[in-house]
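1. Next one to model:
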Amino acid sequence: MKSTNKTIVHPGHDGIGKRTTFGFVTNDYPMLHKLQNFLSGVCAVIAAAAVVISGVLTVIEVFMRAVLQSPLGWNIGFSERYLMVAIAFFGLVTAYRTGSHIAVASLFGKFPPVVQKLLMLLAQVIIFITFLLLFLAGVEATSFSISIGERVPPGMADIPWASWTWRVMIPVAAFMGLIVSGIDIFRELTTKWDRSYTDYEPGEAH
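-> Numbering: from 1, shown residues only. Predicted structure coming up:
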């Protein structure tokens, strides 16, 4: 990914990463950074598209209901099943990769560098396990939905698509999250133990 050439001052951190549009790049395994940023970018595009579609459908629904007195009907179910799922789960991967999630930076920075590495590794393992559980649960739910032919009953306002078409987004997004977080664990385990090498945010001195 192309770097935005912007230095982020992040108190409590001492990283040397260069921020890109969908993540970071360092000198440690740069090709893996490109893979992580690519997956983050794909997830960001999907989540952003879902946000845009949701906004457009809302405007159309207001017009149809207020002006034409003929609401769409199917847009609510479509938004709940497809758009919200896409925003939540694909957006989660990008949020993790770009460091947009909530973090207690001031507390983290008070620990010695070696302890920071251990804490970072612990957090990444927890995130990896979370993505793994989402992936397994998503695969199970999707497989079950396919096996019973689950779909919206006829006669309802919702679009009568097979339910697996929205359920499958959860394991797909989780699988991408597994790759992104798994690479961070690999990078942390195979680099020196003098500091955290996945604390990408530039510190006050950079």
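2. starting at the chain centroid, how far to the helix or strand in which Phe135 is found?
-> Assigned by DSSP states H and E, Phe135 belongs to helix 113-147. Offset of helix 113-147 from its chain centre (CA atoms, centre = their mean, to the nearest Å): 12 Å.
3. Next secondary structure after that helix?
-> Counting by DSSP H and E, what follows helix 113-147 is helix 164-167.
4. Not counting its own residues, what contacts that next one?
-> Contacts to helix 164-167, defined as CB atoms under 8 Å, 6 or more residues apart in numbering, come from residues Arg81, Tyr82, Val85, Gly138, Ala141, Thr142, Ser145, Ile146, Glu150. Backbone N, C-alpha and C define where each C-beta goes, glycine included.
5. Only the buried subset of those, as a PyMOL command please.
-> In PyMOL syntax, the buried subset of these is picked out as below (16 or more other CB atoms under 10 Å):
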select buried, resi 81+82+85+138+141+142+145
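6. Now do the helix holding Phe135: which elements does it pack against?
-> In terms of contacts (3 or more CB pairs under 8 Å, 6 or more residues apart in numbering; DSSP states H and E), helix 113-147 is packed against helix 164-167, helix 169-190.
7. if you set the cut-off to 10 Å instead, what comes out?
-> If you count contacts as 3 or more CB pairs under 10 Å, 6 or more residues apart in numbering; DSSP states H and E, helix 113-147 packs onto helix 84-98, helix 105-108, helix 164-167, helix 169-190.
8. follow-up on the earlier one: nearest to Gly55, of the contacts of helix 164-167?
-> Nearest to Gly55, judged by CB to CB, of these is Tyr82 at 14.3 Å.
9. Check what pLDDT the closest one gets.
-> Per-residue pLDDT puts Tyr82 at 96.
10. That one contacts Ala88, correct?
-> No - counting by CB atoms under 10 Å, Tyr82 sits too far from Ala88 to count as a contact (11.3 Å).
11. Give me the common contacts of those two.
-> Contact criterion CB atoms under 10 Å, 6 or more residues apart in numbering; residues shared by Tyr82 and Ala88: Ala50, Met169.
12. which one of the helices and strands packed on helix 113-147 has the lowest average pLDDT?
-> Ranked by mean pLDDT, the helices and strands packed on helix 113-147 bottom out at helix 105-108, which scores a mean of 68.
13. if you count residues, which helix in this structure comes out on top?
-> Taking DSSP state H as the criterion, the chain has its longest helix at helix 30-66.
14. Which other helices and strands does that helix contact?
-> With contacts defined as 3+ CB pairs under 10 Å, 6+ apart, helix 30-66 has these neighbours: strand 18-20, strand 23-25, helix 74-78, helix 84-98, helix 169-190.
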